[in-house]
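K.L.:
sharing a model that was predicted from the sequence below.
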Amino acid sequence: MVATDKLFAGSIPEIYDRFLVPLIFEPYADDLAARVATAQPRDVLEIAAGTGVLTRALASRLAPSVRIVATDLNQPMLDQAARRQAEGRIEWKQADALALPFGDGSFDVVACQFGVMFFPDKVQGYREAHRALRPGGRFLFNVWGPIEENEFADVVTEALATVFPNDPPRFMARTPHGHHDVGRIRQELKDVSFADISVDAVDATSKASSPRHAAVGFCQGTPLRNEIEARDASRLEDATSQATDALARRFGKGAIEGRIRAFVITASR
């Protein structure tokens, strides 16, 4: 991982929320929130909440008495989330997943939607989640599968390699789709004393109203934008157009659909 992989700032949070959240995140937020609800928690800590797609799903499924603390490393993402979900029981808090500002045994559930891949030290992140849980508490999170099993991201990544052939932007393959070795994940969770570890592969369909919609989401609403602009800021629109054309060739020029795959991990303290 490079430093800019964790940077969600400027216009990225708004574009991410508008384009990328409905494109790939909403079905997995509903799935994870349903799994959290089965634990009947009194309080939930969400790590890497982003713009709040899981937070909103949790709020809709959990009883009004359940306290939700939603954290993220990037304050601009939380600001966008808070604008979408102004609810008194949700506490929005800037926090580093590797050094959570909460006491031991503070929560019944710790949940994380597609955030673990961004942890510079994943074992330390798991250790902090374990520490924050009460005995018997549950840690639930998901990670993306290999990029070739997530068709829009794969096509966009290959398209950008033609725009910058000497130094292809690899954010999507390196970080969001770079932590899918479930055997390794199981072992790392065991190493910090998690038990009852289960892994489920969950397939879904990514839908966009147009190839352009999907291309803007990936190229301008993620840290992939940072990589593009680091190579040549004047070519952001060109890169987005090239990604649009590649998606149109593969999936058509109207509303498009593509396969997405993730793994959902559940573990107990």
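P.N.:
Right, received. Where do you want to start? Numbers count the residues shown, from 1 in each chain.
K.L.:
ok, residues contacting stretch 77-86?
P.N.:
8, 13-14, 16-17, 49-52, 55-56, 59, 70-72, 92-94 (C-beta atoms under 8 Å, 6 or more residues apart in numbering). C-beta: built from backbone N, CA, C; applies to glycine.
K.L.:
of those residues, buried ones?
P.N.:
8, 13, 16-17, 49-52, 55-56, 59, 70-72, 92-93 (16 or more other C-beta atoms under 10 Å).
K.L.:
now flag whichever of those is closest to residue 246.
P.N.:
residue 16 (20.6 Å; C-beta to C-beta).
K.L.:
so for that closest one, what's the pLDDT?
P.N.:
On the pLDDT scale, residue 16 is placed at 90.
K.L.:
distance check, it against residue 43.
P.N.:
27 Å (C-beta to C-beta, to the nearest Å).
K.L.:
all helices of the stretch 151-269 of the chain, in order?
P.N.:
151-163, 171-174, 182-191, 211-220, 224-232, 236-251 (DSSP state H, counting those that start in this stretch).
K.L.:
for the first one, buried residues please.
P.N.:
If you call a residue buried by 16+ other C-beta under 10 Å, then helix 151-163 has these buried ones: 151-157, 159-160, 163.
K.L.:
try the longest one
P.N.:
Of the residues in helix 236-251, those scored as buried under the neighbour-count criterion (16+ other C-beta under 10 Å) are 239-244, 246-248, 250-251.
K.L.:
just checking, what packs against that helix?
P.N.:
helix 151-163, helix 211-220, helix 224-232, strand 256-268 (3 or more C-beta pairs under 8 Å, 6 or more residues apart in numbering; DSSP states H and E).
K.L.:
who are the packing partners of the first one?
P.N.:
If I follow you right, that is helix 151-163. helix 171-174, strand 195-208, helix 211-220, helix 224-232, helix 236-251, strand 256-268.
K.L.:
for these, give me a markdown table that also has mean pLDDT.
P.N.:
Shown next, in a markdown table, are the helices and strands packed on helix 151-163 (pLDDT from 0 to 100):
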| stretch | mean pLDDT |
| --- | --- |
| helix 171-174 | 96 |
| strand 195-208 | 98 |
| helix 211-220 | 97 |
| helix 224-232 | 96 |
| helix 236-251 | 98 |
| strand 256-268 | 98 |
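K.L.:
ok, so what distance separates the nearest residue to residue 73 once chain neighbours are set aside from residue 115?
P.N.:
Closest residue to residue 73 in three dimensions, ignoring its sequence neighbours and counting by C-beta to C-beta, 6 or more residues apart in numbering: residue 96, at 5.8 Å. Distance from residue 96 to residue 115, counting by C-beta to C-beta: 12 Å.
K.L.:
looking at those two, which is more packed in?
P.N.:
residue 115 (22 against 15; other C-beta atoms under 10 Å).
K.L.:
confidence score at the more buried one?
P.N.:
At residue 115, pLDDT is 97.
K.L.:
can you check residue 2 too?
P.N.:
Looking at residue 2, the pLDDT reads 54.
K.L.:
kindly report the same for residue 5.
P.N.:
Residue 5 is given a pLDDT of 44.
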